[in-house]
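J.: Okay, predicted coordinates and the sequence, questions at the end:
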Amino acid sequence: MQQEKIIREYLQEIEDELQGVSRKAKREFLREIESHLLEEWEMTEEKSQVALLNMLERFGDPTVIAAEFQGKRESLGTPSWVIILLTVFVWPVGIVLAWLSPLWSRRDKAIATFIPVLSLILLLVGSFAVYTEFSAVGEIQITDTAEMQQFEERVVEKGSRFSERFWGLVYSVFLGILLLTGNPLFSGIYLAIMVRA
Amino acid sequence: MPSGRVSGLVFSIAIYLVLKGIWLYTVSMSRQFIQIKKGALEFCVLAVIETGEKYGYEIVKLLTQKGLTIQEGTIYPLLARLKREGYVEAYWQERDQGVPRKYYAITAEGKAALEEFRVAWADFSQAVNSIIKEG
């Protein structure tokens, strides 16, 4: 039966999302949900596939249901505060532990990962724009005295451009440090807010 | 001296960091609201079970009838939580026809917690009402 298959797939989706839960607890939880779905389906007058899909839609997103179930369970892994601190100070280690922990939903883990990555992209794009601004110097062709004078002016200008370029690099390094330290902080704050209560 | 583009970059990053701060604040606020709603829902479920043993589907229908719309599936993690906290007990019951049902009954501990919540909620809602009405 197509409808039974849809319900089975739905239950399978919940099961797949249940990480770090004992087999017994998982079975009990899924059995209860199955009981609800089958009873509600029995009560549904219109036995169409659309009606079934709507019923599952009302029941909720498998990811959210599984996340809620795992919410108050004791975490088998590292405590949340350790992961948050590591995320702030040693971002790569912290974020990997966060991905391994059932304390956050996949969505929140993705957001916490994406925050510094987005900032790094922003920094790279910004730095590239600054760099191209400072390194744009035209070709030099000298044929007469007037052009020689022009060349000398350009050398002076280039010198000031070098100084600008230097300041540009200083700014980029400063902003880089700011973003590299500031963004894991945001990442950590986000994880602290979103940790499953 | 840094050019306009460097200042532009600094300005953009400053704006970006401020926007990110505002976003985190908003996320935190909505999270707190969800926590309040979630906490209240737990006791609504306990109150429904207090009137007699109920099974999940029945609890969802009763809550919906009272105007409390929830995603049906989230009731089961909530019931599992109440059971872990010792506020409810559960047992499976076979039926002559159809699938077995898992029934929940409130425990003495659950009743005590519900009573405590009733008092706390009355004070809290009274305070909130007086603030939002009078400002």
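T.: Good, I have the coordinates.
J.: quick one: stretch A:18-30 to chain centroid distance?
T.: Computed by Cα atoms, centre = their mean, to the nearest Å, the chain-centroid distance of stretch A:18-30 equals 27 Å.
J.: Does that stretch reach chain B?
T.: Yes: residues of stretch A:18-30 contacting chain B under Cβ under 8 Å from any Cβ of the partner chain: A:F29. C-betas here are computed from N, CA, C, even on glycine.
J.: Pull out the buried residues from that stretch.
T.: Residues A:18, A:21, A:29-30 are the ones in stretch A:18-30 that count as buried (16 or more other Cβ atoms under 10 Å in any protein chain shown).
J.: Quick one: which of those residues has the lowest pLDDT value?
T.: Note: of these, the lowest pLDDT belongs to A:V21, at 84.
J.: wait, doesn't that residue sit right on A:L30?
T.: No: A:V21 is beyond contact range of A:L30, at 10.3 Å (criterion: Cβ atoms under 8 Å).
J.: ok, back up a step: the buried residues of stretch A:18-30: which two are farthest apart?
T.: A:V21 and A:L30 (10.3 Å; Cβ to Cβ).
J.: rewinding a little: let's have the buried residues of stretch A:18-30 in JSON lines, adding secondary structure and distance to A:Q2.
T.: Shown next, in JSON lines, are the buried residues of stretch A:18-30 (DSSP: H, G, I helix; E, B strand; the rest coil; distance: Cβ to Cβ, whole Å):
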{"residue": "A:L18", "secondary structure": "coil", "distance to A:Q2": "25"}
{"residue": "A:V21", "secondary structure": "coil", "distance to A:Q2": "29"}
{"residue": "A:F29", "secondary structure": "helix", "distance to A:Q2": "25"}
{"residue": "A:L30", "secondary structure": "helix", "distance to A:Q2": "20"}
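J.: how about the lowest-mean-pLDDT helix or strand in chain B against chain A, any contact?
T.: Least confident element among the helices and strands of chain B, by mean pLDDT, DSSP states H and E: helix B:4-50 (a mean of 80). Yes: Helix B:4-50 is in contact with chain A by Cβ under 8 Å from any Cβ, via B:5-6, B:9-10, B:12-13, B:16-17, B:20-21, B:24, B:27-28, B:31, B:35, B:38.
J.: Could you list the residues in contact with the helix or strand just after that helix?
T.: Using DSSP states H and E, the helix or strand that follows helix B:4-50 in sequence is strand B:54-55. Strand B:54-55 has contacts (Cβ atoms under 8 Å, 6 or more residues apart in numbering or on different chains) with A:35, B:48, B:62, B:101-104.
J.: Restrict the residues of helix B:4-50 next to chain A to the buried ones and give me that as a ChimeraX selection.
T.: Buried members of the residues of helix B:4-50 next to chain A, identified by 16+ other Cβ under 10 Å, are gathered into one ChimeraX selection as follows:
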select /B:5,6,9,10,13,16,17,20,24,27,38
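J.: Any part of the host helix or strand of B:F124 near chain A?
T.: In this assignment (DSSP H and E), B:F124 forms part of helix B:108-134. No: using Cβ under 8 Å from any Cβ, helix B:108-134 never reaches chain A; the gap is at least 14.9 Å.
J.: Mind listing what's buried along that helix?
T.: Buried residues in helix B:108-134 (16+ other Cβ under 10 Å): B:110, B:113-114, B:117.
J.: can you tell me how far the nearest residue to B:K111 once chain neighbours are set aside sits from B:L82?
T.: Nearest non-adjacent residue to B:K111, counting by Cβ to Cβ, 6 or more residues apart in numbering or on different chains: B:E50, 6.7 Å away. Between B:E50 and B:L82 the computed distance is 12 Å (Cβ to Cβ, to the nearest Å).
J.: so what's in contact with those two at the same time?
T.: The contact sets of B:E50 and B:L82 overlap at B:G110 (Cβ under 8 Å, 6+ apart).
J.: Which of the two has more residues huddled nearby?
T.: Taking neighbours as other Cβ atoms under 10 Å in any protein chain shown, B:E50 and B:L82 compare with B:L82 leading, 23 against 16.
J.: can you pull the contacts of that one?
T.: Here B:L82 is in contact with B:42, B:45-46, B:88, B:104, B:110 (Cβ under 8 Å, 6+ apart).
J.: Run a quick neighbour tally on A:V50.
T.: So A:V50, with other Cβ under 10 Å, has 8 neighbours.
J.: ok, it to chain B distance?
T.: As judged by Cβ to the nearest Cβ, to the nearest Å, A:V50 and chain B stand 18 Å apart.
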